[in-house]
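Chemist: can't give you the sequence, but here's the structure:
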Ligand code: PAF
């Protein structure tokens, strides 16, 4: 497994590899858990060279967010990736990615106005910019992203489409703990009591899936189910519960064939998100 820290070296290696092989990229911010490893395994299954990037991207964190305390453990990440037989880790530092004179940003309009984009102003510009850079540096043919960040996934798909990037985006289903909690690096911030409260999020998704299967299509009714469930325990601050069009993220009144139910809430100081796609069988 190679560890590459500079843009130049990564680009040169990718140019060389692309003469005979295809490349799959899994972009991450490190502190890997089973959710990331599932993305890496999906990448490995494709049978191409697998590059995992580890970069805690400063420009996607707002001034009030947790950049400084975002968990990091490169040695542990590298050991996990070695076990998965990852070919290359791209591990640049912030100066390498954003040298002093950096001033170009990628903005995917409209999609960023919904869900997390409302409270995390500028977040998706940071994400789209770093992902565009990673695509230009690693030059992958395929890139794997988790569906847990549904808005991120469709923003990346839109960017790739709009800017004619010749890369296939592969969305991978959310990986959950046995009790249903969606895996996230931020779960490590939860106390045992907070973690217990967090279980209500995935339970409410399940509840809505059930009601949808039974024929409920009114989003106000479904939304209320989620809010009532989340309010069963004190200390869950709902940021949003939205049922949206899966492509545009516009809020729906009635679901026709398909919708995404997306939830964001704060438990203590930790912000958690989760979602499920409701679709006619
Ligand atoms: O999902 C993440 O971990 C990040 O947003 C990503 C895609 C690696 C960009 O920094």
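Modeler: Sure thing, it's come through. These figures come from a predicted structure and were not determined experimentally. Numbers count the residues shown, from 1 in each chain.
Chemist: didn't residue 190 look like it was pressed against residue 268?
Modeler: Yes - checked against Cβ atoms under 8 Å, the pair residue 190 and residue 268 is within contact range at 7.3 Å. Every C-beta, even on glycine, is put in place using the N, C-alpha and C of the backbone.
Chemist: Who has more neighbours out of these two?
Modeler: Neighbour count, other Cβ atoms under 10 Å: between residue 190 and residue 268, residue 190 has more, with 19 against 15.
Chemist: burial measure for the closest residue to that one other than its chain neighbours, as a count.
Modeler: Nearest in space to residue 190, with sequence neighbours left out and distances taken as Cβ to Cβ, 6 or more residues apart in numbering, is residue 270 at 5.7 Å. Neighbourhood size, residue 270 [other Cβ under 10 Å]: 18.
Chemist: how near is residue 270 to residue 73?
Modeler: Using Cβ to Cβ, to the nearest Å, we find residue 270 at a distance of 19 Å from residue 73.
Chemist: just to revisit the earlier point, got phi/psi on the residue nearest to residue 190?
Modeler: Backbone torsions of residue 270, given as degrees, to the nearest 10, read phi -100, psi 130.
Chemist: For the chain, list the residues in contact with the ligand, please.
Modeler: 27, 28, 29, 57, 60, 127, 130, 131, 149, 152 (Cβ under 6 Å from any ligand atom).
Chemist: show me the contacts for the second one.
Modeler: Counting by Cβ atoms under 8 Å, 6 or more residues apart in numbering, residue 28 touches 36, 39, 52, 53, 54, 55.
Chemist: cool, and the fourth one?
Modeler: Listed by Cβ under 8 Å, 6+ apart, the contact set of residue 57 reads 29, 97, 126, 127, 130.
Chemist: farthest-separated two in the residues you listed?
Modeler: Spatial extent of those (Cβ to Cβ) is set by the pair 97 and 127 at 13.2 Å.
Chemist: Neighbour count for those two, which is higher?
Modeler: residue 127 (24 against 19).
Chemist: My guess is the more buried one contacts residue 55. True?
Modeler: No - with contact defined as Cβ under 8 Å, residue 127 does not reach residue 55; the gap is 11.6 Å.
Chemist: circling back: surely the residue nearest to residue 190 touches residue 194?
Modeler: Yes - look at residue 270 against residue 194 with Cβ under 8 Å: they come within range, at 6.7 Å.
Chemist: Quick check: the gap between residue 179 and residue 162.
Modeler: 39 Å.
Chemist: one step back: out of the residues of the chain next to the ligand, who's the most crowded?
Modeler: Busiest of those [other Cβ under 10 Å] is residue 131, holding 26 neighbours.
Chemist: Name the residues of the helix or strand harbouring that one that come out as buried.
Modeler: Using DSSP states H and E, residue 131 sits within helix 123-138. Buried residues in helix 123-138, counted by 16 or more other Cβ atoms under 10 Å: 123-135, 137-138.
Chemist: C-terminal to that helix, what's the next element?
Modeler: Counting by DSSP H and E, what follows helix 123-138 is strand 142-146.
Chemist: Identify the residues contacting the helix or strand that that next one is followed by?
Modeler: For strand 142-146, the succeeding helix or strand toward the C-terminus, using DSSP H and E, is helix 150-162. Helix 150-162 is contacted from outside by 106, 108, 111-112, 114-117, 124, 127-128, 131-132, 143, 145-147, 165, 167, 169, 171, 246-247, 249, 260, 262, 275, using Cβ under 8 Å, 6+ apart.
Chemist: for the record, mean pLDDT for helix 150-162?
Modeler: On average, the pLDDT along helix 150-162 is 98.
Chemist: So what touches the following helix or strand past that helix?
Modeler: Downstream of helix 150-162, the first helix or strand assigned by DSSP H and E is strand 168-172. Here strand 168-172 makes contact (Cβ under 8 Å, 6+ apart) with 38-39, 42, 46, 141-147, 153, 156-157, 160.
Chemist: in the helix or strand that strand 168-172 is followed by, what counts as buried?
Modeler: The C-terminal neighbour of strand 168-172 among helices and strands, as given by DSSP H and E, is helix 192-213. Neighbour-count burial for helix 192-213, counted by 16+ other Cβ under 10 Å, picks out 194-195, 197-198, 200-205, 207-209, 211-212.
Chemist: in stretch 215-233, what counts as buried?
Modeler: 217, 219, 222, 223, 225, 226, 229, 230.
Chemist: ah, wrong one, I meant stretch 240-253
Modeler: Within stretch 240-253, the residues that count as buried by 16+ other Cβ under 10 Å are 240, 241, 242, 243, 244, 249, 252.
Chemist: Thanks again, I'm all set now.
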